[in-house]
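Chemist: the amino acid sequence is not available; the structure is as follows:
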């Protein structure tokens with residue numbers, strides 16, 4: 001069964017965007033700093049390794065906000081893999097482009113993405129989608145790209161997770177000059 005893995009870049013104080021994120025500034029003011037590690041994505045180093053692993057996934061689950069702010073990825077996140085957009089509602093006539101489709105149930109979304117990915121992992125994008133999958137007990141791992149910066153405000157990765165206690169196991173730590181890639185397994 002395909003693993004469902006949250007891939008998120010985060011500041012040391014827990015923010016995935018800077019303040020005032022929206023269509024004009026998808027990563028908010030100063031939030032672009034959290035993606036600076038991608039400058040090294042074509043290297044043979046740790047960041048290149050992590051990037052290649054992300055692109056080897058067989059399906060994507062995205063939150064609706066992330067999907068929209070990313071310009072719907074023009075219907076292709078990478079290599080034509082299916083994109084399952086977890087959303088609360090679907091407007092009549094709103095047909096997502098390419099391989100993307102809207103799903104309103106977190107359980108259905110996870111099941112469809114696992115089936116589509118086959119023996120490859122499912123990549124999860126978006127704080128809300130990650131939180132929903134985690135709360136439902138459907139998230140297997142988290143690949144956190146921790147950036148040594150304090151953004152001070154913005155959108156936090158685990159802002160609305162709730163009071164539930166979740167144990168994680170560190171299974172990998174890769175260091176690069178501007179990022180530490182941390183992979184955690186969600187203990188059940």
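Modeler: Perfect, thanks for sending it. Please read these numbers as outputs of a predicted model, since none were measured by experiment.

Chemist: how about the helices in the chain?
Modeler: With DSSP state H, the ranges of helices along the chain come out as 46-55, 64-69, 106-117, 127-135.

Chemist: save these as TSV, and put in mean neighbour count, mean pLDDT and distance to residue 84 too.
Modeler: All C-beta spots, glycine's among them, are computed from the backbone N, C-alpha and C. TSV is the format used below for those (neighbours: other CB atoms under 10 Å; pLDDT from 0 to 100; distance: least, CB to CB, whole Å):
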stretch	mean neighbour count	mean pLDDT	distance to residue 84
helix 46-55	17	96	16
helix 64-69	20	93	10
helix 106-117	19	98	5
helix 127-135	22	95	9
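
Chemist: so which of those helices gets nearest residue 22?
Modeler: Residue 22 lies closest, by CB to CB, to one member of the helices of the chain: helix 64-69, at 7.5 Å.

Chemist: what is the closest one packed up against?
Modeler: Counting contacts by 3 or more CB pairs under 8 Å, 6 or more residues apart in numbering; DSSP states H and E, helix 64-69 is packed against strand 83-86, helix 127-135.

Chemist: make a markdown table out of the helices of the chain and add distance to residue 184.
Modeler: Shown next, in a markdown table, are the helices of the chain (distance: least, CB to CB, whole Å):
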| stretch | distance to residue 184 |
| --- | --- |
| helix 46-55 | 14 |
| helix 64-69 | 20 |
| helix 106-117 | 18 |
| helix 127-135 | 11 |
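
Chemist: what residues does residue 77 make contact with?
Modeler: Applying CB atoms under 8 Å, 6 or more residues apart in numbering, we find residue 77 in contact with 60, 62, 83, 123.

Chemist: for the third one, list each beta-bridge partner.
Modeler: Using DSSP bridges, the beta-bridge partners of residue 83 come out as residue 60, residue 100.

Chemist: quick one: it and residue 73 touch, right?
Modeler: Yes. Contact status for residue 83 versus residue 73: in contact at 6.8 Å, counting by CB atoms under 8 Å.
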